[in-house]
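Undergrad: A structural model of the following input is requested.
(one chain, ligands or ions: 1)
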Amino acid sequence: MAHIIDGKAFAAALRERIGAKVADLITRHGLKPGLAVVLVGEDPASQVYVRNKGEQTHAAGMHSVTHRLEASTTQEDLLALVHSLNADPAIHGILVQLPLPAHIDSNAVLAAIDPNKDVDGFHVVNAGRLAVGLPGMVPCTPLGCLMLLKDHLGSLTGKHAVVVGRSNIVGKPMAQLLLQADCTVTIAHSRTADLPALCRTADILVAAVGRPEMVKGDWVKPGAVVIDVGINRVPARDPEAAAAGKTRLVGDVAYDEAAAVAGAITPVPGGVGPMTIAVLLLNTLTAACRSRGLEAELAEFA
Ligand code: GUN
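TA: Predicted coordinates:
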């Protein structure tokens, strides 16, 4: 059986270290990292994410502000808020929760965020910095996956990494990070020919497609490390419970089958998921330190 990579424990330990560093920065430099989260509308999943972000930011000792705007908010008003947060010296990180209502152009809003405060790493400037290897803000979920991989494997040099999924939020930045870590990287997607055979060549298999249990056990090379980025809600296993509307969370990987073959695997829940907010806090800490020329404070998190 595969080693189970405990993202929940790793994330909790990372949050502890971030909290300690925040307390230290406040004492020695009078610097309190600040994160502003902006939610437009009432999407239930987004409300849960935003509440968790606010609570964990606060728990890490950071300055935390949540702006909840009506679904009818105009793009102009949202852009005005982003501009005011860009100019606010107490705010080092800005996150506009996606998806935004259909009448708002998400790209225009993401482009308005100061790249140095773009703790999501979604701004094209940060995508460019990542592509050319300059310091920037790296998207939270792929950075969290990389941290789990390095913790488990040590060096990633020479490994064949297959990333299934080509989104701007996970697949593409994940591939860039693995390339930077000296992997040989293949990006696969829904149109890839013979996806199972390609996946079987992977030493590191990252599934980020958003399709429940798509990656089967016989797609996994024996001993490979499997990172499951998917979080999909499906009907409960028990038919009666399912009929009553009960659900369960599954990843993009058929966990039981894959765990029987893999060397190591992240579970869902408790794998990659908890890393996302922990890395958001790390990115906020990073942005705060950089704003004051205190990059040296970040050495222990490298
Ligand atoms: N919606 C779901 N995940 C995310 C995320 O990581 N960042 C933002 N901004 N919106 C999201």
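Undergrad: In three-state terms, how would Asp218 be classified?
TA: Three-state assignment for Asp218 (DSSP: H, G, I helix; E, B strand; the rest coil): helix.
Undergrad: which non-adjacent residue is nearest it?
TA: If the residues on either side of it in the chain are set aside, Asp218 comes closest to Pro196, at 6.9 Å by CB to CB, 6 or more residues apart in numbering. The way it works is simple: take the backbone N, C-alpha and C, and place the C-beta from them, glycine included.
Undergrad: Isn't that neighbour up against Trp219?
TA: Yes. Between Pro196 and Trp219 there is a contact under CB atoms under 8 Å: 4.6 Å.
Undergrad: between the two, who's got more neighbours?
TA: Regarding Pro196 and Trp219, a neighbour count based on other CB atoms under 10 Å identifies Trp219 as having more, with 25 against 12.
Undergrad: Enumerate every residue touching the more buried one.
TA: Neighbouring residues of Trp219 by CB atoms under 8 Å, 6 or more residues apart in numbering: Leu195, Pro196, Cys199, Arg200, Leu205, Ala258.
Undergrad: Helices - which of those residues land there?
TA: Cross-referencing the contacts of Trp219 against helices under DSSP state H gives Leu195, Pro196, Cys199, Ala258.
Undergrad: JSON lines please, covering those residues and showing distance to Val22 and pLDDT.
TA: Output for the ones in helices among the contacts of Trp219, formatted as JSON lines (distance: CB to CB, whole Å; pLDDT from 0 to 100):
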{"residue": "Leu195", "distance to Val22": "43", "pLDDT": "98"}
{"residue": "Pro196", "distance to Val22": "45", "pLDDT": "98"}
{"residue": "Cys199", "distance to Val22": "40", "pLDDT": "98"}
{"residue": "Ala258", "distance to Val22": "37", "pLDDT": "98"}
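Undergrad: ok so, going back, enumerate every residue touching the residue nearest to Asp218.
TA: Going by CB under 8 Å, 6+ apart, Pro196 touches Lys216, Asp218, Trp219.
Undergrad: Could I get the contacting residues of the first one?
TA: Yep, that's Lys216 we're talking about. Under the criterion of CB under 8 Å, 6+ apart, the contact list for Lys216 reads Pro196, Ala254, Glu257, Ala258.
Undergrad: I'd assumed Glu213 was in contact with the second one.
TA: Pointing back at Ala254 there. Yes. If you go by CB under 8 Å, Ala254 and Glu213 touch, sitting 4.2 Å apart.
Undergrad: Which stretches in the stretch 101-250 of the chain count as helices?
TA: Taking DSSP state H, counting those that start in this stretch as the criterion, the stretch 101-250 of the chain contains helices spanning 106-112, 124-132, 140-153, 171-180, 195-199, 239-243.
Undergrad: nearest to Thr73, of those?
TA: Across the helices of the stretch 101-250 of the chain, the minimum distance to Thr73, taken as CB to CB, is reached by helix 106-112, at 10.8 Å.
Undergrad: same for that closest one, what does it pack against?
TA: The criterion is 3 or more CB pairs under 8 Å, 6 or more residues apart in numbering; DSSP states H and E, and the helices and strands that helix 106-112 contacts are helix 75-86.
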